[in-house]
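**Student:** Return a 3D structure for these sequence lines:
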Amino acid sequence: MFTPSIYPLDSEKTENDFRLATEYCHHEGAVAYTYGLPLLTIAEQGLEPRLMFSQHAGLEIISVPLDADRSWLATKTFRGPFENWKQKLERRRDVFLGYCGSSTVFSALVGHDIAPR
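**Tutor:** Next comes the predicted model:
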């Protein structure tokens, strides 16, 4: 009989143990995906490949080894996907003008200046 369990980081893993991302990760990822925002998906090694962390989601997922230290950030495994994500961010031109009623006139002026012509 299979009895799954979630194991803490400092305990020894058995064949029935697994790690799950919080539902919040999946919800926020789905919202960002729906809005077409660039996603940098980073998961610790051994995370259950569900929803946003599944290879079938069509996202590039960076798997972080459990024993990774700061030097791992300089590896091609991390730098390649990170640079791809960074380029996607740099191509975006998002501006948040706020929702304050007293800034309506200012927002309209700024919006007029940045609108495509």
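**Student:** From here on, just use CA atoms for contacts and neighbour counts.
**Tutor:** Will do.
**Student:** Per-residue pLDDT of A108, please?
**Tutor:** Per-residue confidence at A108 stands at 71 (pLDDT).
**Student:** Look up how far R92 lies from it.
**Tutor:** According to Cα to Cα, to the nearest Å, A108 and R92 sit 21 Å apart.
**Student:** Would you mind pointing out the helix or strand E90 falls in?
**Tutor:** Here E90, judged by DSSP states H and E, is contained in helix 76-91.
**Student:** now what about that helix, what contacts it?
**Tutor:** For helix 76-91, contacts defined as Cα atoms under 8 Å, 6 or more residues apart in numbering pick out P38, L39, L40, E60, I62, W72, L73.
**Student:** Show only the entries of these found in strands.
**Tutor:** Judged by DSSP state E, these include I62 as members of strands.
**Student:** among the contacts of helix 76-91, which two are most distant?
**Tutor:** P38 and W72 (22.3 Å; Cα to Cα).
**Student:** in the chain, what spans have low per-residue confidence?
**Tutor:** Residues of the chain meeting the criterion pLDDT under 70: 1-17, 56, 95-104, 106-107, 110-117.
**Student:** Swap in 80 and give it another go.
**Tutor:** Residues of the chain meeting the criterion pLDDT under 80: 1-26, 47-60, 93-117.
**Student:** okay, the contacts of helix 76-91 in CSV with distance to R50 and neighbour count next?
**Tutor:** Shown next, in CSV, are the contacts of helix 76-91 (distance: Cα to Cα, whole Å; neighbours: other Cα atoms under 10 Å):
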residue, distance to R50, neighbour count
P38, 19, 16
L39, 16, 17
L40, 16, 17
E60, 14, 18
I62, 14, 19
W72, 24, 14
L73, 24, 13
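**Student:** got CSV for the contacts of helix 76-91, with distance to R19 too?
**Tutor:** Below are the contacts of helix 76-91 laid out as CSV (distance: Cα to Cα, whole Å):
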residue, distance to R19
P38, 25
L39, 21
L40, 20
E60, 19
I62, 16
W72, 22
L73, 23
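**Student:** And the contacts of helix 76-91, which is closest to A21?
**Tutor:** Of all those, A21 sits closest to I62, with 14.2 Å by Cα to Cα.
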